[in-house]
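> model this:
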Amino acid sequence: VGVGGGVGGGVNNNQLPPRPPYIGTITATGNVPTPRDRHAAVVHRSSLYIFGGFDGTSRVSDLYGFDVERLVWREVRARNNTTNTMNNNEYAGQVPDNNNNNNNNNNMGGGNGMVNNNQGPGIHPQQPDQVVFGHEGERAPMMRQQPQQQQQLHPPPTPRHSHAAVVYRNCMYVFGGYDGSYRSDFHEFDFDQSSWRPVLASGRSPRARYRSTACVRGDMMILFGGHDGTRHLADVHLFDFANGVWSLLVAKGVPPLPRDSHVSVAYKESMYVFGGSTGS
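Below you'll find the model as predicted:
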């Protein structure tokens with residue numbers, strides 16, 4: 001178990017304890033994150049990722065990865081998405097060099113089998129050669145439309161703290177938090193593409209909140225509790241990754257008291273919730 005950041009003795013810290021069974025502080029190298037608290041952490045493959053938080057002065061929206069095998073930090077910077085448009089200024093005989101960095105296409109569609117996934121546009125199909133014959137029957141140079149890149153940037157979520165985050169397949173999902181207002185926005189970071197995008201979902205989405213928890217079971221994300229700026233919450237919402245749909249879960253039994261700042265995990269068929277603040 002590794003724990004990073006938080007407040008110790010009233011001072012934010014950014015040190016990780018060593019791997020079990022040792023208890024102590026390890027020395028990590030690389031681009032170490034600034035001290036912070038109220039950030040979110042997830043694990044993907046062999047790295048721990050932290051996003052956002054509060055550094056003692058302001059809210060932040062940076063993303064860092066920690067390689068648990070090499071004990072090295074790095075800042076993860078999102079790449080721009082690119083789309084193609086057609087431009088009528090190239091001759092057919094001039095073939096784009098696919099090895100030229102200026103012609104690389106970084107098209108990204110939505111991920112992970114979701115229906116509402118903002119699929120990125122692919123390369124336009126080649127247009128038929130446009131042949132023009134001169135007065136003497138000579139064949140004029142053929143004109144062909146060639147793709148031209150235009151950058152389209154999906155910015156990261158606004159600087160925030162107290163959000164919830166999970167990993168599903170090759171993406172991290174961030175919900176809600178506080179950026180000066182209580183938020184209900186939903187974002188996806190694709191680890192393979194190093195890019196952010198908003199998640200466009202249907203159904204009954206949760207109200208704005210911070211200090212909630214989220215965990216994943218199968219193809220579902222389970223969001224529980226939090227605080228909406230007025231009161232503590234005890235509602236349970238499900239997000240179906242396969243279909244991109246939110247739903248409100250009506251559960252049997254006696255639910256926990258409305259709360260925030262708790263922790264939760266999914267194990268087999270259940271979600272387990274521990275602690276938190278109910279206001280008393």
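> Now do the contacts for the closest residue to Val167 other than its chain neighbours.
When the adjacent residues along the chain are set aside, Val167 lies closest to Val42, with 4.6 Å between them (C-beta to C-beta, 6 or more residues apart in numbering). Yep, even glycine has a C-beta here, placed from its N, CA and C like the rest. For Val42, the contacting residues are Leu48, Tyr49, Phe51, Ala165, Val166, Val167, Met172, taking C-beta atoms under 8 Å, 6 or more residues apart in numbering as the criterion.
> In the helix or strand encompassing the third one, which of the residues would be classed as buried?
Following DSSP states H and E, the helix or strand that holds Phe51 is strand 47-54. Buried positions in strand 47-54, judged by neighbour count with 16 or more other C-beta atoms under 10 Å: Ser47, Leu48, Tyr49, Ile50, Phe51, Gly52, Gly53, Phe54.
> Present these as CSV; the columns should include pLDDT.
Shown next, in CSV, are the buried residues of strand 47-54 (pLDDT from 0 to 100):
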residue, pLDDT
Ser47, 98
Leu48, 97
Tyr49, 98
Ile50, 98
Phe51, 98
Gly52, 98
Gly53, 98
Phe54, 98
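> Find me the pLDDT at the nearest residue to Ala28 once chain neighbours are set aside, would you?
The shortest distance from Ala28 to any residue other than its chain neighbours is 5.1 Å, reached at Leu71 (C-beta to C-beta, 6+ apart). As predicted, Leu71 sits at a pLDDT of 96.
> need the contact list for Leu71.
Ile26, Thr27, Ala28, Thr29.
> What of Arg217?
Residues in contact with Arg217, defined by C-beta under 8 Å, 6+ apart, are Ala266, Glu269, Met271.
> do that again at 7 Å, thanks
Ala266 (C-beta atoms under 7 Å, 6 or more residues apart in numbering).
> Beta-bridge partners for it, please?
Beta-bridge partners for Arg217, by DSSP bridges, are Met220.
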